[in-house]
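Participant: Below are the sequence and a predicted model for it; my questions follow.
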Amino acid sequence: MASNFPVLTRIGIIGHPTNPMVPEIARKAVDLAENRGIKTFLESPVAKRIGRPELGFTKKEIGELVELILVLGGDGSILEAVRSFSREKLPIAGINLGHLGFLSLGPHSRTEEIIERLYNGTFKIEDRSMLQTLVKRNGKEVYSNIALNDFTIVKEPICRVIELDVSISGTYVNSFRGDGVIFATPTGSTAYSLSSGGPIIPPWVDSLLITPICSHTLSARPVITSGQALLTAVLHCSHSQVDLVTDGQEGFRIQNDDCIEVQKASEYAKIVVFEKGSFFEVLREKMKWGK
């Protein structure tokens, strides 16, 4: 679902902490904003890198002060920003400094055009489904998190295979023996799940995806189910180290007999877009599909 947005008055800017292109783009964003009377709030490390420490704030402070977040980085930086600001319901706009830039508005070569359009309010916002997870150990809740792309249950590389009993809304589906299982949103269907043989799901389809990773059986197949389903996995493993990984960025060590629950989150990721173009056109452009 996409919606229009009024002209901005306050914008937050965060950037990859080590990318050498961040200072130049951040300076340009601040200069263009100040010329229009728009207030900018930078993450403190970025503000220091451009010589404007008075514009520096913590992420928590930025989340309380701005109307939109501009992310200078790759898809990983955007994923982190989505999780950081989803509860404030802040739109996330990305300028790609990485590789694919699947979630961004465009590459850094289009920086001035992108910033101009943001400041002029000529953009839309797409609501993307997110996931929430809960880990129960001996009946007690020990961990929770939210994700835009996926939650992955995966063993350490040199460990033996693990077994996961997977159910959908209380109905047993399969026991997957292998390296692990991915629970993904439609947005996440083009991430780790895709490289593990999962299907491509357009982001407007209300669904959840289960993709086994290197399963040791010919009968294991990806499963698409309703966006209202509750997915559960019970780990059976006493000989390997196993992690629950959020969007490929945050890990939590799980144990034998832990129950992992995954369902659609109440929060939505608000991704800024310019045109409501074809999802499949983006796939062809970004991932060289069919070329």
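Facilitator: Perfect, thanks for sending it.

Participant: how many neighbours does E54 have?
Facilitator: For E54, the count of nearby residues is 6 (other Cβ atoms under 10 Å). Bear in mind the C-beta positions are built from the backbone N, C-alpha and C, glycine included.

Participant: what about the closest residue to it other than its chain neighbours, distance to G56?
Facilitator: Among residues not flanking E54 along the chain, A47 sits closest, at 7.5 Å (Cβ to Cβ, 6 or more residues apart in numbering). In this structure, A47 and G56 are 3 Å apart, going by Cβ to Cβ, to the nearest Å.

Participant: Next: D206.
Facilitator: Applying Cβ to Cβ to D206 and G56 gives a distance of 40 Å.

Participant: cool, and H16?
Facilitator: 16 Å.

Participant: who's more crowded, D206 and G56?
Facilitator: G56 (18 against 12).

Participant: Model confidence at that one, what's the number?
Facilitator: On the pLDDT scale, G56 is placed at 96.

Participant: Test my guess that it contacts I50.
Facilitator: No - between G56 and I50 there is no contact under Cβ atoms under 8 Å: 9.7 Å.

Participant: Next, show the common contact partners of these two.
Facilitator: Listed as contacting both G56 and I50 by Cβ atoms under 8 Å, 6 or more residues apart in numbering are L42.

Participant: what helix or strand does the residue nearest to E54 sit in?
Facilitator: helix 44-49 (DSSP states H and E).

Participant: Quick check: mean pLDDT of that helix?
Facilitator: 94.

Participant: go on, stretch 246-265?
Facilitator: Across stretch 246-265, the per-residue pLDDT values average to 97.

Participant: Could you do stretch 74-88 as well?
Facilitator: Rounded mean pLDDT across stretch 74-88 is 94.

Participant: Same question for that stretch: list its buried residues.
Facilitator: 74-86 (16 or more other Cβ atoms under 10 Å).

Participant: Check what pLDDT G277 gets.
Facilitator: With respect to pLDDT, G277 has a value of 60.

Participant: again with A220
Facilitator: 87.

Participant: Could you say which helix or strand holds the closest residue to it other than its chain neighbours?
Facilitator: Nearest non-adjacent residue to A220, counting by Cβ to Cβ, 6+ apart: P212, 4.5 Å away. According to DSSP H and E, P212 maps onto strand 207-213.
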